[in-house]
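> Fold the following, please.
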Amino acid sequence: MKKLMYIWLPLMIIISLAACSNHNAAEEEPQFLEVELSINPEKAKANEPVVFEAKVTYGEEEVKDADEVKFEIWRANAEEHEKIPVEHAENGIYRLEKSFKEEGTYYIYSHVTARRMHNMPKKEFVIGKPSAPEKELGSQEENMEDNDHSSH
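Predicted coordinates:
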């Protein structure tokens with residue numbers, strides 16, 4: 001009888017602990033940092049103000065205290081990128097108003113770090129007459145082959 005108790009008691013403890021841990025795991029769904037980037041207008045004239053907004057949420061929560069929000073803006077095929085820190089405006093929205101002297105196709109990354117996560121959506125917009133867009137990078141395998149210098 002004692003042998004059965006030595007088997008059943010630890011087994012029951014293990015089962016009850018497993019049931020408790022599964023219950024907690026089911027309640028907590030993982031949350032993700034979402035960034036909805038908007039540009040108004042997406043097609044503007046030179047020297048006309050353009051409003052960039054990043055709506056930052058973590059699950060259902062509006063993030064008003066992100067660790068860092070920067071907008072990285074550059075003209076297509078330009079080597080120089082401008083990184084502009086952005087402050088919280090309202091309701092989880094981080095806003096920047098900027099005008100551009102030079103016509104062309106532009107790109108923006110919204111770099112957002114909050115809740116120990118990073119998200120960086122990218123969008124294209126046009127000022128005046130569009131310029132040649134940037135070429136999309138090929139697959140990683142093609143890039144690796146292009147950079148392979150093992151034949152030296």
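
> Only C-alpha atoms from now on, for both contacts and neighbour counts.
Will do.

> OK, contacts around Ala66?
Shown in contact with Ala66 (CA atoms under 8 Å, 6 or more residues apart in numbering): 112-115.

> That one: what secondary structure?
Of the three states, Ala66 takes coil under DSSP: H, G, I helix; E, B strand; the rest coil.

> For it, report the pLDDT, please.
The model reports Ala66 with a pLDDT of 96.

> cool, Arg95 as well?
98.

> continuing past whichever strand or helix holds it, what's the next helix or strand?
Assigned by DSSP states H and E, Arg95 belongs to strand 93-98. Going down the chain from strand 93-98, the next helix or strand is strand 104-114, by DSSP H and E.

> Tell me the buried residues in the helix or strand following that following strand?
Proceeding C-terminally, strand 104-114 gives way to strand 117-119 as the next helix or strand, assigned by DSSP H and E. By 16 or more other CA atoms under 10 Å, the buried positions in strand 117-119 come out as 118-119.

> other SSEs contacting the helix or strand following strand 117-119?
Sequence-wise, the next helix or strand downstream of strand 117-119 (DSSP H and E) is strand 122-127. Packed against strand 122-127 by the contact rule (3 or more CA pairs under 8 Å, 6 or more residues apart in numbering; DSSP states H and E) you find strand 33-40, strand 43-44, strand 104-114.
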